[in-house]
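Asker: Fold the following, please.
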Amino acid sequence: MTKSAAIEALEVALVVVTLGLASKAWHEAIAGAALALVATGAIVLVLHGYLLKIPDV
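Answerer: As a prediction, this is how the structure comes out:
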């Protein structure tokens, strides 16, 4: 479950950077991607025990 959350965070960061670079907003794109990665990582760390109890489908 943790791996899928990490992949999802990477996907969000990629989308944020792509959209930001397309609109010529480099700083906002990089800051948004970093914030998405940090926020998702923090949520996964906090909910790690609970996420392990959820069965994979």
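Asker: make it CA atoms for all contacts and neighbour counts henceforth
Answerer: Noted.
Asker: give me phi/psi at His27?
Answerer: Geometry field for His27 lists phi and psi as phi -70, psi -40, criterion degrees, to the nearest 10.
Asker: scratch that, Trp26
Answerer: In this entry, Trp26 is assigned phi and psi values of phi -60, psi -50 (degrees, to the nearest 10).
Asker: Just the pLDDT at Tyr50, thanks.
Answerer: We note a pLDDT of 82 for Tyr50 in this prediction.
Asker: hang on, I meant Val44
Answerer: pLDDT, the model's per-residue confidence, is 80 for Val44.
Asker: Name the helix or strand for it, please.
Answerer: Assigning secondary structure by DSSP states H and E places Val44 in helix 26-53.
Asker: low-scoring stretches of the protein, by residue?
Answerer: In the prediction, the chain carries residues with pLDDT under 70 at positions 1-2, 57.
Asker: Centroid-nearest residue for it?
Answerer: Centroid-nearest residue in the chain: Ala9, 2.0 Å away (criterion: CA atoms, centre = their mean).
Asker: Go ahead and confirm that one touches Ala34.
Answerer: No: under the criterion of CA atoms under 8 Å, Ala9 makes no contact with Ala34, lying 9.9 Å away.
Asker: Give the buried residues for stretch 42-56.
Answerer: Of the residues in stretch 42-56, those buried under the neighbour-count criterion (16 or more other CA atoms under 10 Å) are Val44.
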